[in-house]
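In: what follows is a protein structure lacking sequence information:
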């Protein structure tokens, strides 16, 4: 199992989606016994995004023995303890870009050399 950890909006999901083929939406309920039985002998790639509950993670993916050889489970979370609690040792921490890199990304995205000027004065009127 692989964990991707970092603060909100940093690109964890984008990184995981780049690698994923199968996406599992934790808001849907599946008959886990049937799913587990079918996956035991299959090589699968499962992507679980925005995981914030240790019990839900345990229910969804249990252990490595639930899946066939060569399977990959990618868990994306803001809480590193979720990954540690499930025994996931391969953890990629998505860090913030340097100021220089952030400005380069902004310049590329907005096609100008400096970030766009935004007026927040309307917030004062609320």
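Out: Ah, there it is. Because the structure is a prediction, the values reported are computed rather than measured.
In: how about the closest residue in space to residue 71 that isn't next to it in sequence, what does it touch?
Out: With sequence-adjacent residues excluded and distances taken as Cβ to Cβ, 6 or more residues apart in numbering, residue 71 is closest to residue 44, at 4.8 Å. Backbone N, C-alpha and C define where each C-beta goes, glycine included. Taking Cβ atoms under 8 Å, 6 or more residues apart in numbering, we find residue 44 in contact with 22, 67, 68, 71, 72.
In: ok, residue 44 to residue 66 distance?
Out: Note on residue 44: its distance to residue 66, by Cβ to Cβ, to the nearest Å, is 10 Å.
In: now residue 2
Out: Residue 2 sits 15 Å away from residue 66, taking Cβ to Cβ as the criterion.
In: partner residues bridging the residue nearest in space to the middle of the chain?
Out: What sits nearest the mean C-alpha location of the chain, by Cα atoms, centre = their mean, is residue 76, with 2.6 Å. Counting by DSSP bridges, residue 76 forms beta bridges with residue 4.
In: hang on, isn't it packed against residue 49?
Out: Yes: between residue 76 and residue 49 there is a contact under Cβ atoms under 8 Å: 4.7 Å.
In: what helix or strand is residue 103 on?
Out: helix 99-110 (DSSP states H and E).
In: what do you get for residue 47?
Out: Assigned by DSSP H and E, residue 47 falls in strand 45-48.
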